[in-house]
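Engineer: Requesting a structural model of the entry that follows:
(one chain, ligands or ions: 2)
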Amino acid sequence: MELEQIKNEIKNRLSEKRFYHSICVMEKCEELATKYGVNVDDAKKIGISHDIAKELTDKEKIKYCENNNIIIDEIEKKNISLLHAKIGADMVKKLFNFNDAMCMAIRTHTTGLPRMDMLSKVLFIADRISKDRNIPDIDFINDLLEEDIDKAILYILDSKIKLQIKKQANIHINTIITRNYLLEGE
Ligand SMILES: [Fe+2]
Ligand SMILES: [Fe+2]
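Structural biologist: Ligands and ions are numbered 1, 2, ... in the order given. The predicted structure is shown next:
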């Protein structure tokens, strides 16, 4: 499906605020895809649609998983919101016919996963540093991106883990194993 059609479809499914976030992630995906030599069109499409399932209610998310044979793990059971990644990956396959790499990027955009390909890395980072987020450490992350994209991912994983600790909340196992994987790679 063409980008413009996808954009319309997403606009109908999200609040104004989340649609704006999606536009900002799309723009950041375009920038990073150009920088790291991945398919810009694919990157823009996953950027705009990565949170397609985010505004389903908890009930709707569980129902979607049941109806589409998506397995809910122990941590997702306690934090239903996490499921928007898995559900989103399934939806974009069925609605927009995204390829496997694009679906995988959406599937891993919240927690990360060891051995992510460059398209997945681009989305993972774009979702954290899109301009709507106004993060205070943007300059530092941009410096890391100049040095090595994996260093930026490691830093973002650390920030996510620290935030979860502060909130006394669960940390998804994929976040931990992605961090371990990147540490070993250094
Ligand atoms: Fe998300
Ligand atoms: Fe997002």
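
Engineer: and Lys131, how far is that from ligand 2?
Structural biologist: 13 Å (Cβ to the ion, to the nearest Å). The way it works is simple: take the backbone N, C-alpha and C, and place the C-beta from them, glycine included.

Engineer: what's next to the helix or strand bottoming out on mean pLDDT in the chain, contact-wise?
Structural biologist: Of all helical and strand segments in the chain, the minimum by mean pLDDT, DSSP states H and E falls on helix 74-78, at a mean of 92. The contact list for helix 74-78, computed with Cβ atoms under 8 Å, 6 or more residues apart in numbering, reads Leu82, Leu83, Lys86, Asn170, His172, Ile173.

Engineer: does ligand 2 sit close to stretch 8-20?
Structural biologist: No - when contact is scored as Cβ under 5 Å from the ion, no part of stretch 8-20 falls within range of ligand 2; the minimum is 7.8 Å.

Engineer: Now do that stretch: everything it contacts.
Structural biologist: By Cβ under 8 Å, 6+ apart, the list of residues contacting stretch 8-20 from outside reads Met1, Ser22, Ile48, Ser49, Asp51, Ile52, Lys54, Glu55, Leu95, Phe96, Asp132.

Engineer: which one of these has the most neighbours?
Structural biologist: Ranked by neighbour count (other Cβ atoms under 10 Å), those have Ser49 at the top, with 29 neighbours.

Engineer: Thought Val92 was touching that one, still the case?
Structural biologist: Yes - when contacts are counted by Cβ atoms under 8 Å, Ser49 is listed as touching Val92 (5.4 Å).

Engineer: any common contacting residues for the two?
Structural biologist: With contacts defined as Cβ under 8 Å, 6+ apart, the residues adjacent to both Ser49 and Val92 are Phe98, Ile106.
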